[in-house]
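Colleague: starting from these lines, generate the structure:
(one chain, ligands or ions: 1)
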Amino acid sequence: MNRTQLFEQIKKKSSYLCVGLDTDVDKIPTHLRSAADPVFEFNKQIIDATIDLCVAYKPNIAFYEALGPKGWESLQKTLEYIPKDVFTIADAKRGDIGNTSALYAKAFFEHMSFDSITVAPYMGEDSVKPFLKFKNKWVILLAHTSNPGADDFQLLQSTGSGKKLYEEVILKSQQWATPDKLMYVVGATQAEKIGGIRVLAPDHFFLVPGIGAQGGDLAQVSKFGMNKQCGLLVNSARNIIYASSDKDFATAAKSEATKVRNEMENLLNSLL
Ligand SMILES: O=c1ccn([C@@H]2O[C@H](COP(=O)(O)O)[C@@H](O)[C@H]2O)c(=O)[nH]1
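Modeller: Residues are numbered from 1 along each chain as shown. Sure, this is the predicted structure:
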């Protein structure tokens with residue numbers, strides 16, 4: 001999916017919600033556990049319940065990898081079930097020496113047909129570039145993450161430029177790709193930093209995890225992070241997909257996603 005198509009979806013649905021498919025077998029309602037593929041069955045019902053409310057789905061690959069070959073099968077089936085006009089993110093946080101990254105890219109972009117993959121920038125240009133070679137596929141580079149440990153390395157200041165490591169990541173990586181292929185992960189938990197990041201990357205989309213279960217504030221994130229084309233995909237996983245642990249889980253997920261989407265509609269109207 002290209003940038004224009006993504007923005008069209010945001011306008012059409014008045015939403016920049018990304019639903020995180022972090023499907024934990026231990027949290028799947030008991031009545032689904034006897035299904036042939038409980039993970040896929042759960043995801044299918046979550047997708048059916050939220051498809052009109054979001055513009056992206058982000059399966060976190062760890063939840064599928066942890067189940068071995070069956071998990072990969074559930075992931076593939078889930079990806080095939082998601083309509084093609086909805087953006088898909090493999091939250092895999094990959095990145096390695098060039099020939100290895102090329103194979104990660106092949107796995108997620110060719111074998112599976114994800115629109116994008118999250119990539120760790122730590123190993124530098126040659127580790128990121130293989131992911132950028134695919135037409136209409138996106139790299140979502142970790143910049144300033146939402147977790148407490150983000151400060152350990154990402155805030156380190158370069159003695160030369162005086163910039164923080166996450167700022168260097170954002171500035172340097174803009175030499176590798178245009179905003180048509182490159183997004184940044186920016187956590188919602190330190191919303192006040194997002195304004196500064198927007199100055200460094202005015203045209204790029206940000207994938208923003210950390211609202212809901214991690215306590216980030218959607219209004220703050222949007223105020224500081226939105227650009228003229230919205231420029232935001234805000235992710236919520238646990239708060240939506242585990243809104244209920246019972247038979248009504250899909251209805252409860254829809255109701256949570258509706259709340260977020262309605263707030264997004266208001267924010268789009270007031271900020272764009
Ligand atoms: O900085 C980051 C990068 C990735 N994540 C991922 O997003 C979701 C958040 O899930 P919630 O349940 O909405 O908290 C999860 O897959 C993380 O691995 C992140 O949280 N922060």
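
Colleague: how about the residues of the stretch 101-250 of the chain that lie near the ligand?
Modeller: 145-147, 185, 187, 209-210, 212-214, 235-238 (CB under 6 Å from any ligand atom). Backbone N, C-alpha and C define where each C-beta goes, glycine included.

Colleague: what's the first-to-last distance across stretch 82-89?
Modeller: Using CA to CA, to the nearest Å, the end-to-end distance of stretch 82-89 comes to 11 Å.

Colleague: neighbouring contacts of it?
Modeller: Identification of contacts with stretch 82-89 by CB atoms under 8 Å, 6 or more residues apart in numbering yields 1, 5-6, 9, 18, 47, 51, 54-59, 79, 113-118, 140, 207, 233.

Colleague: do the same with stretch 220-234
Modeller: 3, 7, 10, 16-18, 55-56, 87, 89, 183, 186, 188, 191-192, 194-195, 197-198, 202-208, 211, 218, 260, 264, 267-268, 271-272.

Colleague: now list the buried members of the residues you listed.
Modeller: 3, 7, 10, 16-18, 55-56, 87, 89, 183, 186, 188, 191, 194, 197-198, 204-208, 211, 218, 260, 264, 267-268 (16 or more other CB atoms under 10 Å).

Colleague: helices - which of these land there?
Modeller: Arg3, Phe7, Ile10, Ile194, Ile197, Arg198, Leu218, Val260, Met264, Leu267, Leu268 (DSSP state H).

Colleague: and Ala102, how close does it get to the ligand?
Modeller: 23 Å (CB to the nearest ligand atom, to the nearest Å).

Colleague: name the SS class of that residue, please.
Modeller: helix (DSSP: H, G, I helix; E, B strand; the rest coil).
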